[in-house]
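>>> structure of the sequence below:
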Amino acid sequence: MKKTISFLLALAMLLSFCACGSGNKEPENAVRTITDGLGREVEVPAEVKTIVTLGNASRMAAYLGLADRMITVANGDLSESVVMAYGYYNHDMWSSLPIAASGGYGEINPEVIIEADPDVILCTYEEDIVANIEEQLGRKVVAAPQGTLFGEDYELALRVFGDACGVKDRAEEVINYIHSCLEDLDNRTKGLGDDVKPSVLCAAATFKGGHGIEGVYANNAVLAAVNAKDVTIGYIDAQKGVEVDKEQIIAWDPQVLIFDASNIGLIKNQYAEDQNLFESLQAVKNGKLYQWPNSTSNYTNVEIPIVNAYYAGSLMFPEAFADVDFDAKAEEVFRFFLGHEGYLKVLNDAGMGYGTVSLK
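Residues are numbered from 1 along each chain as shown. Model prediction:
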């Protein structure tokens, strides 16, 4: 009798453990509800294994460590340009994927996405475009802002996508890292008086294609990160690339000029055609001409602008950055976002890195 009772107790305990184990396991088709960047409630699978990314979502997915979950790719993500860092390192993995978007802004290939049948679709479009995409696909997408460089809307997008794909911790890690870099840059430069700050202009900007000296970054977030004396402040209210006439460049007469590396050829051609314009500028007279990798390539990078800020700071305020090993800091930033070593060398070897510029 005692043996029978012991056996029955042991069996009951075993069944109890099995019941507990099965209770902790997610049902096969379990879903949960999140709030996306448009404030809408969207159902997503409890476990996300496959994603489709549209707009700037591919870059954000790469930062969040989700590049290997992508089962389609947008045509713009396949550029082999070294200044499109997230695409450069994922090109081989993505090049064989079906193309989910190959047209203009907000245009998709719905048949490709429907056939791929991803767990989640991430996109960075406005509400009207999102509605159109959902109508074409017959399903909800997770939408978030395209993101402003170093802006709260970029953080929102990272959090939304991180939540949707089950990588909330990585999203917070990325946001905190950005904050730590910006705080470091600000702390190094916020106490500097205007009398020790050279005036600076970022020209040969990349927006809707490459530009010569007339293409400038107005209210540049990179320069703002080091509290620089940006000559464009007050020219317009927005933070964006604009074209100005040569009289405005002469009027600004910056002490330092920084060009996008990819547009140096345009600058040299302009110099050959109009040396008087360039030679009238004190930055040219004093040899204060520099290049950095352009921040924009199929939307805006984040890792490159952070490194650009350290570069600009070290150029203009060498004492404040005396303890910073620029190459080491650049590699740290690139490694954090891209998960690869040696990106600084990749940029330099391609002529897209950091350094002085000769116009001749």
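>>> what about the strands in the stretch 251-360 of the chain?
With DSSP state E, counting those that start in this stretch as the criterion, the stretch 251-360 of the chain has strands at 256-260, 289-292, 355-356.
>>> could you dump these to CSV with mean neighbour count?
Placement of C-beta: from N, CA and C, glycine included. Formatted as CSV, those follow (neighbours: other C-beta atoms under 10 Å):
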stretch, mean neighbour count
strand 256-260, 26
strand 289-292, 22
strand 355-356, 12
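>>> turn those strands into TSV, including mean pLDDT and distance to A203.
Putting the strands of the stretch 251-360 of the chain into TSV (pLDDT from 0 to 100; distance: least, C-beta to C-beta, whole Å) gives the following:
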stretch	mean pLDDT	distance to A203
strand 256-260	98	6
strand 289-292	98	10
strand 355-356	97	15
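>>> now those strands in JSON lines, with distance to A57?
JSON lines is the format used below for the strands of the stretch 251-360 of the chain (distance: least, C-beta to C-beta, whole Å):
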{"stretch": "strand 256-260", "distance to A57": "24"}
{"stretch": "strand 289-292", "distance to A57": "26"}
{"stretch": "strand 355-356", "distance to A57": "33"}
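>>> out of the ones you listed, which gets nearest to L338?
strand 289-292 (17.2 Å; C-beta to C-beta).
>>> roughly how far is the closest one from the heart of the chain?
21 Å (C-alpha atoms, centre = their mean, to the nearest Å).
>>> which strands and helices sit next to that strand?
Using 3 or more C-beta pairs under 8 Å, 6 or more residues apart in numbering; DSSP states H and E as the contact criterion, the secondary-structure elements in contact with strand 289-292 are strand 256-260, helix 303-316, strand 355-356.
>>> nearest to I51, of the ones you listed?
helix 303-316 (21.1 Å).
>>> contacts for that closest one?
Among residues not part of helix 303-316, those counted as contacts by C-beta atoms under 8 Å, 6 or more residues apart in numbering are 83, 85, 149-150, 178, 181-182, 185, 188-189, 197-198, 200, 221-223, 225-226, 228, 256, 258, 290, 292-295, 320-321, 324, 326, 329-330, 333-334, 336-338, 354.
>>> okay, now the domains of the protein?
Domain ranges of the chain: 31-166, 193-356, per automatic domain parsing.
>>> now the ones you listed as a markdown table including distance to E173?
Rendered in a markdown table, the data for the domains of the chain read as follows (distance: least, C-beta to C-beta, whole Å):
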| stretch | distance to E173 |
| --- | --- |
| domain 31-166 | 9 |
| domain 193-356 | 9 |
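>>> out of those domains, which gets nearest to V174?
Relative to V174, the nearest member of those by C-beta to C-beta is domain 31-166, separated by 5.4 Å.
>>> how far is that closest one from where the chain is centred?
Counting by C-alpha atoms, centre = their mean, domain 31-166 comes out at 13 Å from the chain centroid.
>>> average pLDDT across it?
Averaged across domain 31-166, the pLDDT comes to 96.
>>> before we move on, the earlier item: how about the helices and strands packed on strand 289-292 in CSV, adding distance to G166?
Putting the helices and strands packed on strand 289-292 into CSV (distance: least, C-beta to C-beta, whole Å) gives the following:
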stretch, distance to G166
strand 256-260, 37
helix 303-316, 23
strand 355-356, 42
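>>> so which of those is nearest Q275?
If you check each of the helices and strands packed on strand 289-292 against Q275 by C-beta to C-beta, strand 256-260 wins as the nearest, at 15.1 Å.
>>> ok, and what's touching the closest one?
Contacts of strand 256-260 with the rest of the structure, by C-beta under 8 Å, 6+ apart, involve 198-206, 210, 267, 281, 283-284, 288-294, 312, 315-316, 357.
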